[in-house]
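A.B. asks: Compute the structure for the input listed below.
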Amino acid sequence: MDSGRIAFTPAVEISYLPHELQDKVAEIFERDEATPSYAQMVRFRRLHSEGKLTADTIEDIMAKPKANQRETVKFSYERIARFFPPEYSTKQMEDAIVRILEERKREVSRLRDDEERG
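C.D. replies: Model (predicted):
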């Protein structure tokens, strides 16, 4: 954990765990290249104080995607602004794009249904 690949606050939290559980976190960290979040480390520490933290529990918690690891899609403003009125906010652009995609999905579903029927 001293290599600087884990943030300071989660590293502090992990230091409160027994060495064998620290080793389990490090093993998962190395194997899955998944650094524990501060929230996960606080949860580990709480579960340990309740006598409920096991290697399996650590494995389960670390397997869940963290909020900051969710995939996102981003477009540059310059790339899409030309499709919208100049007064549109980025939120209005996002809403319009989602609306268009929902309409397109319904249209594709209707076409598939029509093809299947006849």
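A.B. asks: hey, let's count contacts and neighbours off CA atoms from now on
C.D. replies: Will do.
A.B. asks: Kindly state the pLDDT recorded for residue 68?
C.D. replies: At residue 68, the pLDDT value in this model is 61.
A.B. asks: oh sorry, the question was meant for residue 82
C.D. replies: Confidence at residue 82, expressed as pLDDT, is 95.
A.B. asks: Now do the contacts for residue 61.
C.D. replies: If you count contacts by C-alpha atoms under 8 Å, 6 or more residues apart in numbering, residue 61 has them with residue 40.
A.B. asks: element containing it, please.
C.D. replies: Using DSSP states H and E, residue 61 sits in helix 55-63.
A.B. asks: So residue 29, which state does it fall into?
C.D. replies: helix (DSSP: H, G, I helix; E, B strand; the rest coil).
A.B. asks: Find the nearest non-adjacent residue to it, please.
C.D. replies: residue 35 (5.5 Å; C-alpha to C-alpha, 6 or more residues apart in numbering).
A.B. asks: Kindly provide the distance from the nearest residue to residue 16 once chain neighbours are set aside to residue 91.
C.D. replies: Nearest-residue entry for residue 16: residue 45, 7.1 Å, with adjacent residues in sequence omitted and distances by C-alpha to C-alpha, 6+ apart. To residue 91, residue 45 is 39 Å away according to C-alpha to C-alpha, to the nearest Å.
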